[in-house]
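**Q** I would like the atomic coordinates for the input below:
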Amino acid sequence: MRRRSFIQCIAGLTVVSSFLPSCQQQRVISGSIIGASAHTGHLLRDKNFAAPVTVTEHSVVVVGGGISGLSAARQLHRQGITDMVILDLEKEMGGNAACGKNQISAYPWGAHYVPIPNNDLTAYIDFMRECGVVTSPTDAPLPTYHDYYICFDPEERLYINGQWQEGLVPHYGVPDAERKQVQAFLHQMQVFREAKGQDGKDAFTIPMDNASKDPAFTALDTITMKEWLHQQGWTTPYLQWYVNYCTRDDYGTNYDEISAWVGIQYFASRKGKGVNVEHQDVLTWPEGNGWLAGHLKKELQPYFHNEALVARIQEEDGKLSIDYFDVKESRLKRIRAQQCILAVPQFVAGRILQDEARIRKVHQHIQYSPWMVANLRVGDLEERTGFPSSWDNVIYNSPSLGYVKATHQQVTQEKAVRNLTYYLPLTGGQPAEERKAAIERTHTEWVKMIVNDLDKVHPNIAEAIEEVNIMIWGHAMSKPVPGMAHGNIRQELAASVNNRLHFAHTDLAGNSLFEEAFYQGLSAAQKVITQLSGKI
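**A** All right, here's what the predicted structure looks like:
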């Protein structure tokens, strides 16, 4: 390409359009980069706010409209506590369960499924029953799940050794000796699934705080998952890849960083069973967990105050003064409340409370993994040989987790144009470095990365893509490194302050799962109810 043509070609590149596969073809791929409101959120770190211009009174304030905050608020509402406000920075409540929609279908911006619930999670199953996911009555021996919400077949496939295979556990082209290691690992995970500690509790379960404290199992929290695999003599690259894929998928953390206890928890904590499902089945919707968040929000609309950045919380005259920046009005306001639930990550909580000791603890013990999630609108894709297109489509040895087909659960599956949701946990370097690089990367650069990855399995991907929209999650989830699950730091940070201020978030749960967030909310709500019980 001549210099003048090259300059004319690149001059039109912006954050909302990209030329692929080369500038000479002049094909624009539209789209944009969006993200959690990091710019506004950083005001908490960078700006000194003026005095509040208004003061109102409420019994309870919930700070944070993710799953933990919504679960807490829903429980409070159902217990008759209606003098409540829910403050959230974003335009829509939902946290990591955020979702979007276009003319084709809804699609997830974050978590896209939940496993079958363990049968002892009665409050969670009751919620599923209210949503219509569980269709059987409460006294049924086993729950029955709505067929429309159980992931349709074909469910998942892996591109490995030049072909698509069914399922994500590597087997196509895997030598027999290495396949035996994979099978030995899976057998051991089943042993752990059934194991109980000397205290009679399940060795691995959800919420993780309900698991056995037997040292025979908790000792696994002192080493990494990679170290544990090597101790067992399981060194085949196929198994190492698979385990690393799984820990990155659920926790945004590489297997050489994650606690072995938490890594095993991924495989061994799922025990749910229903009339028409087994523990390995999953529930999903076009918009992913945004569908569940929508049900949590149904009763709570009157309490929502979006685009509200909580700047500081202080105790004054026997009440909590909660100052928040109203983004729409660009003014600081104050709520005086009897009780408050901080359903935000602990690195945010420390700044809101201006608690230097908490900030130091978080800095020392907790890291937050960044993610990129892209939603692609695509036409017909060329397919490699092997197992057909599935809900979950993963590429062996790819830096990404592949993509899910957001349109998969629609009754009419085969459409000329589909939505694909592509997941990339940014685990290549230190989280701060990855966050910085993600923010600086242009739409063009992101699209090129995605196309280069998917070109391995869809040779016409550059021509088939019509639009790419990208979400950057700077602090998507906390990393469950050794010591997080069974150390003391989570309990220290979760302790209520003066019986007025309570905490609920998945970084206190130890992992970023929907069930953990749901029960974090219930626990915090119960603390508030206990404190208000004599005052309502």
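**Q** C-alpha from now on. contacts and neighbour counts both.
**A** Noted.
**Q** Just give the nearest non-adjacent residue to H279, would you?
**A** Excluding its sequence neighbours, the residue lying closest to H279 (Cα to Cα, 6 or more residues apart in numbering) is G272, at 4.6 Å.
**Q** Can you list the low-confidence ranges for the protein?
**A** For the chain, the stretches with pLDDT under 70 are 1-27, 36-48, 412-415, 534-536.
**Q** could you redo the last one with a cut-off of 80?
**A** Residue ranges of the chain with pLDDT under 80: 1-28, 35-50, 411-415, 534-536.
**Q** ok, the closest residue in space to T205 that isn't next to it in sequence - contacts?
**A** Nearest residue to T205 in three dimensions, chain neighbours excluded: S269, at 4.2 Å (Cα to Cα, 6+ apart). By Cα atoms under 8 Å, 6 or more residues apart in numbering, S269 lies in contact with R193, F204, T205, I206.
**Q** can you pick the most crowded of the residues you listed?
**A** Neighbour counts for the contacts of S269 (other Cα atoms under 10 Å) peak at F204, which has 30 neighbours.
**Q** Skipping its backbone neighbours, what lies nearest that one in space?
**A** Nearest to F204 is S269, by Cα to Cα, 6+ apart, at 4.9 Å.
**Q** Quick check: that neighbour vs A311, distance?
**A** Taking Cα to Cα, to the nearest Å as the measure, S269 falls 38 Å from A311.
**Q** Please apply the same query to G173.
**A** Taking Cα to Cα, one finds G173 at 56 Å from A311.
**Q** In terms of neighbours, single out the busier of those two.
**A** Counted by other Cα under 10 Å, G173 and A311 do not tie: A311 has more neighbours, with 25 against 12.
**Q** ok, the more buried one touching Q354?
**A** No. In this structure, A311 is not within contact of Q354 by Cα atoms under 8 Å, at 9.4 Å.
**Q** What residue, apart from its backbone neighbours, is nearest P399 spatially?
**A** L424 is the one closest to P399 (Cα to Cα, 6+ apart), at 7.0 Å.
**Q** In CSV, list the C-alpha atoms belonging to the helix or strand where that neighbour lies.
**A** If you go by DSSP states H and E, L424 is part of strand 418-425. Below are the C-alpha coordinates for strand 418-425, written out as CSV (Å, rounded to 0.1, in the frame of the first residue of the first chain):
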residue,chain,number,x,y,z
ARG,A,418,-26.6,-14.4,15.5
ASN,A,419,-25.1,-12.9,18.7
LEU,A,420,-21.9,-14.4,20.0
THR,A,421,-20.5,-13.4,23.4
TYR,A,422,-16.7,-13.7,23.6
TYR,A,423,-14.9,-14.0,26.9
LEU,A,424,-11.3,-13.0,27.6
PRO,A,425,-10.0,-13.0,31.2
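**Q** helices or strands next to that strand in the packing?
**A** strand 106-108, strand 368-378, strand 403-405 (3 or more Cα pairs under 8 Å, 6 or more residues apart in numbering; DSSP states H and E).
**Q** ok, 7 Å please
**A** Other helices and strands packing on strand 418-425, by 3 or more Cα pairs under 7 Å, 6 or more residues apart in numbering; DSSP states H and E, are strand 368-378, strand 403-405.
**Q** Which of these sits closest to I450?
**A** Proximity to I450 (Cα to Cα) singles out strand 368-378 among the helices and strands packed on strand 418-425, at 8.6 Å.
**Q** After that closest one, which helix or strand is next?
**A** Remark: after strand 368-378, the chain's next helix or strand is strand 392-395, criterion DSSP H and E.
**Q** Parallel or antiparallel, list what pairs with that following strand.
**A** strand 156-160 (parallel), strand 403-405 (antiparallel) (DSSP bridges).
**Q** helices or strands next to the helix or strand just after the first one in the packing?
**A** The helix or strand immediately downstream of strand 156-160 is strand 163-166, counting by DSSP H and E. With contacts defined as 3+ Cα pairs under 7 Å, 6+ apart, strand 163-166 has these neighbours: strand 156-160.
**Q** Could you check how far the strand it packs on is from the centre of its chain?
**A** Between the centre of strand 156-160 and the centre of its chain there are 22 Å (Cα atoms, centre = their mean, to the nearest Å).
**Q** residues of that strand that come out buried?
**A** Residues of strand 156-160 classed as buried: E156, R157, L158, Y159, I160 (neighbour count, 16 or more other Cα atoms under 10 Å).
**Q** Could you do stretch 57-67 as well?
**A** Those would be E57, S59, V60, V61, V62, V63, G64, G65, G66, I67, for stretch 57-67 by 16+ other Cα under 10 Å.
**Q** which one is P115 nearest to, not counting chain neighbours?
**A** Going by Cα to Cα, 6+ apart, P115 has V282 as its nearest residue, at 4.3 Å.
**Q** again, but for V394
**A** G402 (4.3 Å).
**Q** Hmm, that neighbour is touching Y396, no?
**A** No. Between G402 and Y396 there is no contact under Cα atoms under 7 Å: 9.1 Å.
**Q** Now do the contacts for N244.
**A** By Cα atoms under 7 Å, 6 or more residues apart in numbering, the contact list for N244 reads N254, Y255.
**Q** for the one 5 residues further on, same thing?
**A** Under the criterion of Cα under 7 Å, 6+ apart, the neighbours of D249 are L401.
**Q** how far away is it from H171?
**A** Taking Cα to Cα, one finds D249 at 20 Å from H171.
**Q** same check, this time on Y245
**A** To H171, Y245 is 15 Å away according to Cα to Cα.
**Q** Neighbour count: the two, which is higher?
**A** Higher neighbour count among Y245 and H171: Y245, with 23 against 19, using other Cα under 10 Å.
**Q** Now do the strands in the stretch 201-350 of the chain.
**A** With strands called from DSSP state E, counting those that start in this stretch, the stretch 201-350 of the chain shows them at 282-284, 304-305, 308-316, 319-326, 331-342.
**Q** what pairs with the fourth one, and is each one parallel or antiparallel?
**A** Partner strands for strand 319-326, per DSSP bridges, with pairing direction: strand 308-316 (antiparallel), strand 331-342 (antiparallel).
**Q** Please enumerate residues in contact with the first one?
**A** Read that as strand 308-316. Contacts of strand 308-316 (Cα under 7 Å, 6+ apart): 41, 44, 87-89, 320-327, 352-353.
**Q** And the longest one, by the same measure?
**A** Contacts of strand 331-342 with the rest of the structure, by Cα under 7 Å, 6+ apart, involve 50-64, 319-326, 349, 500-504, 524, 528.
**Q** Could you tell me how far it lies from the centre of the chain?
**A** Using Cα atoms, centre = their mean, the offset of strand 331-342 from its chain centre is 27 Å.
**Q** Let me see the ranges of the helices in the stretch 401-536 of the chain.
**A** Along the stretch 401-536 of the chain, counting by DSSP state H, counting those that start in this stretch, helices occupy 431-440, 443-454, 461-464, 489-494, 506-509, 514-532.
**Q** I'd like to know which of those is closest to T144.
**A** Checking the helices of the stretch 401-536 of the chain against T144 by Cα to Cα gives helix 514-532 as the closest, at 18.8 Å.
**Q** in that closest one, what's buried?
**A** For helix 514-532, by 16+ other Cα under 10 Å, it's 514-525, 527-529, 532.
**Q** quick one: that helix to strand 331-342, angle?
**A** 100 degrees (axes from the mean of the first three to the mean of the last three Cα atoms, to 10 degrees).
**Q** Point out the other elements, helices or strands, that helix 514-532 touches.
**A** Helix 514-532 sits against helix 67-78, helix 506-509, with contacts defined as 3+ Cα pairs under 7 Å, 6+ apart.
**Q** I am finished for the moment; much appreciated.
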